[in-house]
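Participant: okay, here's the prediction I keep looking at, along with the sequence it came from:
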Amino acid sequence: MCRELTEEYGEEVTKLCERLVETLSESLGLEPNRLMKAFGGEDKVEAALRANYYPKCPQPQLTLGLSSHSDPGCITVVFPDEKVAGLQVRRGDGWVTVKSVPNALIVNIGDQVQILSNGIYKSVEHQVIVNSGMDRVSLALFYNPRSDVSIGPVRELLSENQPALYKPIRFDEYRLLIRQKGPCGKNQVDSLLQADDTSQI
């Protein structure tokens, strides 16, 4: 029963991600399927569902559940623990704890959308804190481009006055970069910034 529910949940959230990608594409003034094409096509994108368990810690100020980072993929949809807050997002130089809303999902933009949109959309820098008295569980679905697709700013968003800000990189190479360096804020996506380039996809 649990397996069937999990599979059904994963399928429905994947459909939600497909609609969100279309909406993001249209909001950029692009064809509805433009970003999906850049990700490798609807039947080629990858979706992975992961359960996260953060045990209680008597001295939560001494540890993090997950260090500061932005998600490497396209979109992350989180079903949070409604009893225990733990997700924090960066605002300026500080952190804001995200309060859970009953029956609501949390949607984070990932680095690949930031790159494709040429910085119009920003990926969300976030971290996870632990609680002193309660365990915390969350369920995250990661919606990612095809591994061998080269991701760079969409050509329709570029002009002489708005050149490409990011160097193209294959998604599997980008994930490897993150695995080698570990979570470190937005350093990975910022490392792709370039002063002047006309690379297009």
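Facilitator: Arrived safely.
Participant: C-alpha from now on. contacts and neighbour counts both.
Facilitator: OK.
Participant: mind listing the strands for the protein?
Facilitator: 46-54, 66-69, 75-79, 87-91, 94-97, 106-109, 126-128, 136-144, 150-151, 164-166, 169-170, 193-197 (DSSP state E).
Participant: farthest residue from the center of this protein?
Facilitator: Distance from the C-alpha centroid of the chain, by CA atoms, centre = their mean, peaks at P58 (30.1 Å).
Participant: what is the least confident helix or strand in this structure?
Facilitator: When the helices and strands of the chain are compared on mean pLDDT, DSSP states H and E, strand 193-197 comes out lowest with a mean of 64.
Participant: roughly how far does the residue lying closest to A140 once chain neighbours are set aside sit from F142?
Facilitator: The shortest distance from A140 to any non-neighbouring residue, by CA to CA, 6 or more residues apart in numbering, is to V78 (4.4 Å). Note on V78: its distance to F142, by CA to CA, to the nearest Å, is 9 Å.
Participant: quick one: contacts for S138?
Facilitator: By CA atoms under 8 Å, 6 or more residues apart in numbering, the contact set of S138 is 51-53, 78-81.
Participant: and the gap between L24 and S191?
Facilitator: 24 Å.
Participant: which residue is nearest the middle of this protein?
Facilitator: Central residue of the chain (CA atoms, centre = their mean): G110, at 2.7 Å.
Participant: please give me every residue in contact with that residue.
Facilitator: If you count contacts by CA under 8 Å, 6+ apart, then G110 has 70-76, 122-124 around it.
Participant: buried only: go through these for me.
Facilitator: The neighbour-count criterion (16 or more other CA atoms under 10 Å) marks 70-76, 122-124 among the contacts of G110 as buried.
Participant: pLDDT on the top helix by length along the chain, on average?
Facilitator: Assignment by DSSP state H gives helix 2-27 as the longest helix of the chain. For helix 2-27, mean pLDDT is 95.
Participant: ok so, going back, who wins on neighbours among the contacts of S138?
Facilitator: Using other CA atoms under 10 Å as the neighbour test, the contacts of S138 are led by P80, with 25 neighbours.
Participant: ignoring the adjacent residues along the chain, who's closest to that one?
Facilitator: P80's closest residue in space is S138 (CA to CA, 6+ apart), at 4.7 Å.
Participant: now that neighbour: how far from K122?
Facilitator: In this view, S138 and K122 are 23 Å apart by CA to CA.
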